[in-house]
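Trainee: Structure, please.
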Amino acid sequence: MSSVHESFQDLIDRGPELFDRFSESLDPQWIDEALDATGAASMRRRKLPAESAVWLVVGMGLFANRPITSLVEHLDLVLPGVTTLARSAVTQARYRLGAPPIAYLFGRAAQAWAAEASTASGGYKGLKLFAVDCTCLRVPDSDQNFEHFGKPGGRGGSNDAGYPQARGACLLDVSSRLVIDAEFGPFEVSEHELAETLWASVPDNSLTLLDRGFINYKTFVELTDHGEDRHFLVRMRRNLKFIELEELEDGSLLVELRAPQHARTANPDVTPKIMGRVIAYQQADGEPSRVFTTLTDHEKYPAAELVELYHERWEIELAYDEVKTHMLERKECLRSKLPDGVYQEIWGILLAYNLVRREMALAAAQEGVAPNRISFRYALMEVRDLLFLAVMTRSPGALPKHIKDLPRKIRELVLPMRRSTRRYPRHVKIKMSNFKRNRGKRTPEPGNGATEA
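Mentor: Below is the predicted model of the structure:
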């Protein structure tokens with residue numbers, strides 16, 4: 001018991017210092033910039049001011065299993081002298097803030113932290129490594145979310161999936177797993193359309209890893225023509241056409257991609273051809289595969305190294321898993337019932353994810369190891385513990401105050417009287433048991449994120 005007590009006391013002693021460092025990662029000036037740039041500065045004089053509402057949204061990303069009223073209490077966000085806020089007041093403050101300030105703050109912080117990460121990580125032979133891929137997040141099946149986001153097709157060609165879904169694309173720094181940029185929209189928006197906004201964020205002297213779903217001549221031109229020394233490495237489809245120019249010493253092929261007719265029709269000034277290499281390989285017990293890259297120097301960039309490097313693309317899949325499995329704890333869907341709240345929540349989740357990732361990068365630098373050597377799950381647990389303990393330890397005697405206030409907090413947990421009738425019908429949204437599916441009466445219309453059977 002003494003060792004447990006000592007460990008707990010050590011965590012309490014370190015709480016304020018580490019909490020301050022964590023909160024200072026988000027420069028207060030950035031928050032002011034976000035509020036001023038998006039017109040949310042007028043919220044500053046309310047009981048839950050704009051700065052506190054920003055931290056509330058970040059807290060929603062860090063503590064997906066807690067109601068937002070609990071987060072206000074635990075993160076000590078209200079103005080001095082205000083003991084409690086009604087649940088409706090907290091929700092109104094959050095929606096009053098809106099999504100744009102959080103999106104702005106995410107971009108501002110990501111820009112600064114990406115510069116730190118690129119300085120700390122070596123990349124590959126002077127090239128910074130990035131990856132782009134898409135993911136989907138389920139959102140509550142409210143009428144507003146249903147109309148805005150739409151639903152994917154169900155099994156057997158049906159169009160009645162359980163939940164509406166938001167589709168997003170992210171640009172990831174492979175070495176640190178920081179999300180550098182992102183774009184989200186309704187489910188029916190294609191991966192290519194979402195990713196178009198990301199190419200401008202790819203820095204010079206970089207190599208971007210792409211899945212074969214992003215094979216598109218326009219995408220290739222966006223990556224290679226805008227910026228200096230920007231390259232990509234993509235897994236090829238079988239039907240990708242190219243003109244073979246030469247077989248190189250390492251077995252790769254020097255090739256030329258020609259602009260397809262539809263690309264020339266859409267833009268007569270499009271770059272007519274792209275030079276690159278095709279590398280064929282086969283993993284043990286795997287299917288024959290090929291990758292295409294604009295790194296044409298086979299001596300500086302050997303084929304075998306590039307094949308191994310391509311599989312670093314999996315880092316972005318691991319990042320999505322960290323968000324969905326550990327941060328969101330495999331929740332069925334997000335919590336926001338309005339589209340603007342969904343976007344705000346997503347930006348808050350990404351911002352919280354990057355905050356944890358930055359702490360991991362700082363710890364890795366101190367230990368002299370790569371950031372992927374630090375456990376995200378335990379780093380997230382440590383951050384959560386410190387945020388809760390820091391509120392109790394920021395001033396002498398705060399812990400007794402919180403203990404004294406415990407009865408009031410417990411009284412707030414009293415449940416309302418049981419209702420004699422259900423307000424909402426029970427629906428089995430996803431088939432995960434032997435019970436028959438009950439999808440409800442509403443059916444998506446074709447063109448609203450749905451696919452026709």
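Trainee: Now V139. Its backbone dihedrals?
Mentor: Main-chain torsions, V139, degrees, to the nearest 10: phi -130, psi 160.
Trainee: what about it, distance to P186?
Mentor: Per CB to CB, to the nearest Å, V139 is found 10 Å from P186. Placement of C-beta: from N, CA and C, glycine included.
Trainee: Looking at those two, which is more packed in?
Mentor: V139 (28 against 17; other CB atoms under 10 Å).
Trainee: ok, that one touching Y163?
Mentor: Yes. Contact criterion CB atoms under 8 Å: V139 and Y163 qualify, at 6.5 Å.
Trainee: Can you pull the residues that touch both of V139 and P186?
Mentor: Here V139 and P186 have 149, 166 as joint contacts, going by CB atoms under 8 Å, 6 or more residues apart in numbering.
Trainee: is it fair to say R66 lies in a helix?
Mentor: No. R66: not assigned to a helix; according to DSSP: H, G, I helix; E, B strand; the rest coil it is coil.
Trainee: That one: neighbouring residues, count only.
Mentor: Neighbours of R66 (other CB under 10 Å): 14.
Trainee: Settle this for me: I316 is touching L172, isn't it.
Mentor: Yes. Using CB under 8 Å, I316 is in contact with L172, at 4.5 Å.
Trainee: Now do the same contact list for L351.
Mentor: If you count contacts by CB under 8 Å, 6+ apart, then L351 has 26, 57-58, 61, 102, 105-106, 109 around it.
Trainee: Can you pull out the low-pLDDT segments for this protein?
Mentor: 1-24, 41-48, 76, 78-85, 118-122, 154-160, 388-453 (pLDDT under 70).
Trainee: can you list the domain ranges for it.
Mentor: The record, using automatic domain parsing to delimit domains, assigns the chain the ranges 2-97+375-411, 110-151+164-322.
Trainee: Let me have those in a markdown table, adding distance to L355 as columns.
Mentor: Output for the domains of the chain, formatted as a markdown table (distance: least, CB to CB, whole Å):
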| stretch | distance to L355 |
| --- | --- |
| domain 2-97+375-411 | 6 |
| domain 110-151+164-322 | 9 |
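Trainee: For those domains, state which one has the densest average packing.
Mentor: domain 110-151+164-322 (a mean of 18; mean count of other CB atoms under 10 Å).
Trainee: what about that one, start to end distance?
Mentor: End-to-end distance of domain 110-151+164-322: 18 Å, with CA to CA, to the nearest Å as the criterion.
Trainee: Just give me how far it sits from the chain centre.
Mentor: Put simply, domain 110-151+164-322 sits 17 Å off its chain's centre (CA atoms, centre = their mean, to the nearest Å).
Trainee: follow-up on the earlier one: out of the contacts of L351, which comes closest to Y378?
Mentor: G61 (17.7 Å; CB to CB).
Trainee: residue contacts, the closest residue to the closest one other than its chain neighbours?
Mentor: Residue nearest to G61 in three dimensions, not counting chain neighbours: A352, with 3.2 Å by CB to CB, 6 or more residues apart in numbering. Each residue near A352 by CB under 8 Å, 6+ apart is listed here: 58-59, 61-62, 327.
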